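[1] Sequence plus predicted model, see below.
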Amino acid sequence: DVKVTQSSRYLVKRTGEKVFLECVQDMDHENMFWYRQDPGLGLRLIYFSYDVKMKEKGDIPEGYSVSREKKERFSLILESASTNQTSMYLCASRPTGGRVYGYTFGSGTRLTVV
Amino acid sequence: DAKTTQPPSMDCAEGRAANLPCNHSTISGNEYVYWYRQIHSQGPQYIIHGLKNNETNEMASLIITEDRKSSTLILPHATLRDTAVYYCIVRVMDSSYKLIFGSGTRLLVRP
C-alpha cells in the first residue's frame, strides 16, 4: 500500500518560530502536495511539487515555503509562524500517468501556534 | 470541476448497507466521479472512482446513473469504523492539481 507519512501528529510552536513539517511517501510518486484544512473552509492548497526541486504555488502560499530535494520527501516550512497558521496540515501524493489515480493523504499534522 | 451536492448527514445500522448519494448534474463527459472519506482527525482516504460504468473494489461499490448526473457510494456492510465524512468529487483527471472538497456527508454508523 502507498504510504504517506507525516513526521508529527501534533505540534505546538511559538509565534515567530521557523517550523518544518516533513512528509515522506514510499511509492515513487512524482506529485506531492501540502494542504491545510480549517473548519468551514475545507482543504486549501498551499504548494505542490511535480518533480524533484520543482514547486508551484497553490492558493494560499503566503507565509510558507517548500523544499523537495528528494523525490520521496516534501517539506513545508513556515518561515515565521503566526497564530493564523494554526491548522491541520495534510500532505498528499499522487503518481503521474495514463491511469486515473486518487490522491493518498498522510494522517495530518495538527499545528498550534501560540 | 463540476459542482456536487450531498446530504449533510446520514446514519445506518452496523452490518447494513450504507448508500450515500451524490448529485452532479453539470458533469462533463470527461469528468470522473471520485469518492474520498475522512475519519475524524485523519487525512482523507481515497475510496473509489468511476467514469461511466459501475465500479467495485474491496472498500465499496460506485453506482453511476446512465445520464451520469448522480451516483451512489455503497458500503455493503457498514462497520463502526466507517463513521466518517464522505466526499464526492467530480473532476477531470489532471485538469489541475487542486482537489476541492465540498461539505460532504457525515455518516454515522450506529451499533
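    Happy to help now that I have it.
[2] In contact with residue B:111, which residues?
    B:14, B:80 (CB atoms under 8 Å, 6 or more residues apart in numbering or on different chains). Where C-beta positions appear, they are placed from N, C-alpha and C, glycine not excepted.
[3] And it, how close does it get to residue B:103?
    Separation of residue B:111 from residue B:103 (CB to CB, to the nearest Å): 26 Å.
[4] Please, which helix or strand holds the residue positioned nearest the centre of chain A?
    In chain A, the centroid-proximal residue (CA atoms, centre = their mean) is residue A:34; its distance is 2.7 Å. Here residue A:34, judged by DSSP states H and E, is contained in strand A:31-38.
[5] Leaving out chain neighbours, which residue sits closest to the spatially most central residue of chain B?
    Using CA atoms, centre = their mean, the residue of chain B that lies closest to the mean C-alpha position is residue B:35, 3.5 Å off. Once flanking residues are discounted, residue B:35 sits nearest to residue B:47: 4.4 Å by CB to CB, 6 or more residues apart in numbering or on different chains.
[6] What pairs with the helix or strand containing the one you found, parallel or antiparallel?
    Per DSSP H and E, residue B:47 falls inside strand B:45-50. Sheet pairing for strand B:45-50, assigned by DSSP bridges, gives strand B:31-38 (antiparallel).
[7] what angle separates the partner strand from strand A:31-38?
    Relative orientation of strand B:31-38 versus strand A:31-38 (axes from the mean of the first three to the mean of the last three CA atoms, to 10 degrees): 60 degrees.
[8] Much appreciated, bye for now.
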